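K.L.:
Kindly return the folded structure for what I paste below:
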Amino acid sequence: MKTIVLYSSRTGNTKKVAQAVAGALPAGTPCLPVAEAPSDIEAYDLVFLGYWVDRGTANAEAKQFLEGLRPHHVALFATLGADPKSAHAQQSLDEGARILPEGTDVVGTFICQGAVDPKIIEMMYKQFPAGHPHGRTPERDARHAEAAKHPDEADLKEAAEFAAAVLQRLEGGGQ
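P.N.:
Down below sits the predicted model:
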């Protein structure tokens with residue numbers, strides 16, 4: 001099965017996850033930024049596509065790519081500053097999948113926490129007053145501090161296991 005890993009990364013979080021995904025796939029599997037995607041993307045049987053969550057969906061660069069992606073099988077992975085087990089995280093994956101053209105087969109999804117770009121944090125704190133859901137609070141500061149620890153080794157291991165399971169399932173070795 002011809003496979004490729006593509007990603008869009010602002011802070012390096014999604015790139016780290018993409019590399020973990022690629023490391024679990026057959027040797028020589030390309031792992032590239034979306035901007036460097038080959039023009040013959042339709043030649044791949046399986047595309048792993050990673051993005052960083054921006055406003056509850058794929059970031060603009062990844063979104064544009066997803067809109068035009070037409071391979072048979074796509075596995076999505078993402079990073080976000082919020083709790084990866086939250087409803088927001090699941091909605092962010094669902095929104096990413098909704099971007100894909102009709103008929104695209106989403107064969108798996110994975111999401112993990114990642115550090116938030118300090119420039120985004122600063123912008124949000126300037127834009128939103130205290131008391132606003134995105135304004136500065138001790139709880140929000142604590143969430144950003146926790147997110148800054150990710151993706152960690154456990155996250156990367158889970159990403160690799162996700163990739164191996166998707167490939168095994170598609171090749172007929174698992175349910």
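
K.L.:
biggest helix in the chain by residues?
P.N.:
helix 153-170 (DSSP state H).

K.L.:
what separates that one from the chain centre, distance-wise?
P.N.:
Put simply, helix 153-170 sits 13 Å off its chain's centre (Cα atoms, centre = their mean, to the nearest Å).

K.L.:
And that helix, what does it pack against?
P.N.:
Here helix 153-170 is seen to pack against helix 13-23, strand 46-54, strand 73-80, strand 105-113 when contacts are counted using 3 or more Cβ pairs under 8 Å, 6 or more residues apart in numbering; DSSP states H and E. Glycine gets a C-beta too; all of them are placed from N, C-alpha and C.

K.L.:
repeat that with 6 Å
P.N.:
helix 13-23, strand 105-113 (3 or more Cβ pairs under 6 Å, 6 or more residues apart in numbering; DSSP states H and E).

K.L.:
contacts for the last one?
P.N.:
Same thing as strand 105-113. Contacts to strand 105-113, defined as Cβ atoms under 6 Å, 6 or more residues apart in numbering, come from residues 72-79, 84, 89, 93, 97, 147, 150-151, 155, 159, 162, 166.

K.L.:
Okay, now the unreliable bits of the chain?
P.N.:
Residues of the chain meeting the criterion pLDDT under 70: 71, 173-175.

K.L.:
Domain ranges for it, per the record?
P.N.:
3-115+151-170, 116-149 (automatic domain parsing).

K.L.:
could you dump these to a markdown table with mean neighbour count?
P.N.:
Shown next, in a markdown table, are the domains of the chain (neighbours: other Cβ atoms under 10 Å):
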| stretch | mean neighbour count |
| --- | --- |
| domain 3-115+151-170 | 19 |
| domain 116-149 | 13 |
